[in-house]
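> Sequence first, then the predicted structure, then my questions.
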Amino acid sequence: MIVKKIEDALNKQINAEFHSSFLYLSMSADFASKNFDGFASWFGVQTREEYEHAMKVYSHVIERGGKVKLTEIAAPKTSWKTALEAFEDVYAHEQMMTGMIYNLMDLAREEKDYATEEMLRWFVNEQVEEESNTLKIVEQLKMIGDSKGSLFQIDHRLAKRGENRK
């Protein structure tokens, strides 16, 4: 049986993961409206990943005899002036999510909830990947500056991420 303190914290994480999915969906819509199909596709894949993350925590709570409590999801931002601005927002968001996972890990250890700690190890590794991938894109976008041709190349490359998940 899951303790209330862990259940409450995991419910907060479930809702944060759904918010992340909603944020990336908003980014996908924004870039699709600007005819940047590669960026839109990348954010679409990210939308699905964040949904899967929420469901992973959701399943853990259920399996441990807890109750999932969904809350209202705040409306995300709807427009970004540049791809760099969007990816800087993504990187900051992923850093925040990493902090939330680390806090959950600390709580699981404090409560000696080894099952939750084990489940969270996957998220710790996932966040390393999330931060690394988004930081690389941020740095590439900074390197290209205002080069429209380079921006289209990155857009084209990012579209390939979605091709593997269809």
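Nice, I can see it.
> C-alpha from now on. contacts and neighbour counts both.
Will do.
> gap between E88 and T134?
8 Å (CA to CA, to the nearest Å).
> just L141 next, same as before
11 Å.
> out of the two, which sits in the busier spot?
Set side by side, L141 and T134 show more neighbours around L141, with 21 against 18, by other CA atoms under 10 Å.
> Tell me the buried residues in the helix or strand bottoming out on mean pLDDT in the chain?
Least confident element among the helices and strands of the chain, by mean pLDDT, DSSP states H and E: helix 148-163 (a mean of 89). Within helix 148-163, the residues that qualify as buried are 151, 154-156, 158-159, 161-162, counting by 16 or more other CA atoms under 10 Å.
> Give me the residue ranges of this structure where confidence is low.
Low-confidence segments of the chain, defined by pLDDT under 70: 162-166.
> all helices of it, in order?
Counting by DSSP state H, one finds helices in the chain at the ranges 4-33, 37-63, 83-110, 114-144, 148-163.
> so which of those gets nearest K69?
helix 4-33 (6.1 Å; CA to CA).
> tilt between that closest one and helix 83-110?
Put simply, helix 4-33 runs at 170 degrees to helix 83-110, going by axes from the mean of the first three to the mean of the last three CA atoms, to 10 degrees.
> buried set for helix 4-33?
6-8, 10-32.
> And for stretch 117-133?
For stretch 117-133, a neighbour-count test (16+ other CA under 10 Å) marks 117, 120, 123-124, 127, 130-131 as buried.
> can you list contacts of that stretch?
60, 91, 94-95, 97-98, 101-102, 104-105, 108-109 (CA atoms under 8 Å, 6 or more residues apart in numbering).
> filter those residues to the buried ones?
60, 91, 94-95, 97-98, 101-102, 104-105, 108.
> Can you lay out those as CSV showing distance to I2?
CSV is the format used below for these (distance: CA to CA, whole Å):
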residue, distance to I2
H60, 10
Y91, 32
E94, 27
Q95, 27
M97, 22
T98, 22
I101, 17
Y102, 19
L104, 14
M105, 15
A108, 10
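> I am finished for the moment; much appreciated.
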